[in-house]
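Trainee: Sharing a sequence plus its predicted fold:
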Amino acid sequence: EAQVTQNPRYLITVTGKKLTVTCSQNMNHEYMSWYRQDPGLGLRQIYYSMNVEVTDKGDVPEGYKVSRKEKRNFPLILESPSPNQTSLYFCASSYRTGTFADTQYFGPGTRLTVL
Amino acid sequence: RKEVEQDPGPFNVPEGATVAFNCTYSNSASQSFFWYRQDCRKEPKLLMSVYSSGNEDGRFTAQLNRASQYISLLIRDSKLSDSATYLCVVHLSGAGSYQLTFGKGTKLSVIP
């Protein structure tokens, strides 16, 4: 089944404790991205990747890191989480998004709480 | 500044009603436009792409007006299952940037 998977789905952690949220897609998509969704603010893009070893900042990259060593995986790293990073996070992928955008396929989301 | 603005909602409509959502975008160089649907606490899913010529998919019609920089979504004969939040999405590429910008969403509740 074609899908985007995220792990963990739920996470409660404490300030400063490094964490990684994994994202994997099995559709051989080139473009992958991370979003956070907060009430009243909508979905905001954190980072995106056009292909392996190519990543770029979205609208809200501060406090996050990403890597794209393999085409299928795009982990989101929070080196020192803070309470303002409490949010619902979505990973998404598309076949190709460049001059024009393809359909974005989203993972099920990761609900993160930082105490 | 990239911005996408949507009707704030919520829209509460009876079954069978016709409802329209509008969305405006600030960057005239935007190249791709979409409507996504998001059910409560679920991931967004593509509803339809929006083309300059307008496009229709069953009860749903999307229109793009580049001159006025807005897109619209019309839902005819609303069903209870149409209750969801509808997200307007704009893609801007250029100068090495390939970002998608989402509107904050418009919540629709279809009432029996």
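Mentor: Okay, I see it. A quick note: this is a predicted structure, and the numbers were derived from the prediction, not measured.

Trainee: Secondary structure element holding the residue nearest to the spatial centre of chain A?
Mentor: The centre of chain A sits closest to residue A:34, judged by Cα atoms, centre = their mean, with a distance of 2.7 Å. Assigned by DSSP states H and E, residue A:34 belongs to strand A:31-38.

Trainee: By mean pLDDT, which helix or strand of chain B comes out lowest?
Mentor: Ranked by mean pLDDT, DSSP states H and E, the weakest helix or strand in chain B is strand B:97-102, scoring a mean of 83.

Trainee: So that one, near chain A or not?
Mentor: Yes: using Cβ under 8 Å from any Cβ of the partner chain, strand B:97-102 reaches chain A at B:97, B:98, B:99, B:100, B:101, B:102. Heads up, the C-betas are built off the backbone N, CA and C, glycines and all.

Trainee: tell me the two of those that are most distant?
Mentor: Spatial extent of the residues of strand B:97-102 next to chain A (Cβ to Cβ) is set by the pair B:97 and B:102 at 15.7 Å.

Trainee: Show me which of the two is the more surrounded one.
Mentor: Higher neighbour count among residue B:97 and residue B:102: residue B:102, with 24 against 12, using other Cβ atoms under 10 Å in any protein chain shown.

Trainee: Who does that one form a beta bridge with?
Mentor: Under DSSP bridges, the beta-bridge partners of residue B:102 are residue B:89.

Trainee: Now do the contacts for it.
Mentor: Residue B:102 makes contacts with A:35, A:42, A:43, A:44, A:45, B:4, B:36, B:44, B:87, B:88, B:89, as judged by Cβ atoms under 8 Å, 6 or more residues apart in numbering or on different chains.

Trainee: can we see that at 10 Å?
Mentor: Contact analysis of residue B:102 by Cβ atoms under 10 Å, 6 or more residues apart in numbering or on different chains lists A:35, A:37, A:41-45, A:59, A:104, B:4, B:6, B:34, B:36, B:38, B:44, B:87-90.
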